[in-house]
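>>> Let me see the structure of the following:
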Amino acid sequence: MADEMPRADEVINLTVDEVAAGLRAGRILLVDVRELNETSAESYPDAVVVPLSAFDPAAIPDPQGKQVVFACRSGRRSITASVAAQDAGYPYNHHMAGGILAWKAAGLPTKS
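Numbering: from 1, shown residues only. Sure thing, here's the model as predicted:
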């Protein structure tokens with residue numbers, strides 16, 4: 001994936017299973033960077049929405065010790081968000097590989 005996206009090697013890939021387990025355990029703050037029209041149609045349960053089109057890492061709520069993990073539709077925008085957050089000085093270097101497509105393929109729940 002590093003060949004496809006600049007600086008993707010600066011972002012740690014987590015699987016949907018790792019993210020789901022982290023959410024259940026209260027260790028992860030999931031930040032969905034899809035646009036509002038996408039999240040209003042279908043969203044991750046318990047995710048915070050910070051659309052990439054107006055992305056400001058300061059808009060992410062205080063994770064209170066949780067690991068911030070970015071997510072999107074397929075995993076591309078979440079890498080972009082992670083790099084942007086790192087450039088702004090935040091230690092947010094994790095994303096969920098495969099996005100909501102992989103989430104649904106794993107049989108995990110979404111909200112409509």
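>>> and the residue nearest to Thr110 when sequence neighbours are not counted, what pLDDT?
Using C-beta to C-beta, 6 or more residues apart in numbering and skipping the chain neighbours, the partner closest in space to Thr110 is Glu42 (5.0 Å). Quick note: C-beta positions are derived from backbone N, CA and C, even for glycine. pLDDT recorded at Glu42 is 96.
>>> Likewise for the one 10 residues further on?
Leu52 is assigned a predicted lDDT (pLDDT) of 97.
>>> From Ala25, how far out is the nearest residue to it once chain neighbours are set aside?
Excluding the flanking residues, the one nearest Leu52 by C-beta to C-beta, 6+ apart is Val33, at 4.3 Å. Using C-beta to C-beta, to the nearest Å, one gets 23 Å for the distance from Val33 to Ala25.
>>> Check Tyr44 too.
For Tyr44, the distance to Ala25 equals 16 Å [C-beta to C-beta].
>>> For the residue nearest to Thr110, grab the count of nearby residues.
Glu42 has 14 neighbouring residues, counting by other C-beta atoms under 10 Å.
>>> So which residue is dead centre in the protein?
Among the residues of the chain, the one closest to the centroid is Phe70, at 1.7 Å (C-alpha atoms, centre = their mean).
>>> and Ala71, how many neighbours does it have?
Residues near Ala71, counting by other C-beta under 10 Å, number 29.
>>> hang on, the earlier thing: between Val33 and Ala25, which one's more packed in?
Between Val33 and Ala25, counted using other C-beta under 10 Å, Val33 has the larger neighbour count: 28 against 9.
>>> Now for that one: which residues touch it?
By C-beta atoms under 8 Å, 6 or more residues apart in numbering, the residues touching Val33 are 49-52, 55, 70-72, 77-78, 80-81.
>>> Buried subset of these as a ChimeraX selection?
Only the buried members of the contacts of Val33 enter the following ChimeraX selection, criterion being 16 or more other C-beta atoms under 10 Å:
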select :49,50,51,52,55,70,71,72,77,78,80,81
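>>> export the contacts of Val33 to TSV and tack on secondary structure?
Compiled in TSV, the contacts of Val33 are given as follows (DSSP: H, G, I helix; E, B strand; the rest coil):
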residue	secondary structure
Val49	strand
Val50	coil
Pro51	coil
Leu52	helix
Phe55	coil
Phe70	strand
Ala71	strand
Cys72	coil
Arg77	helix
Ser78	helix
Thr80	helix
Ala81	helix
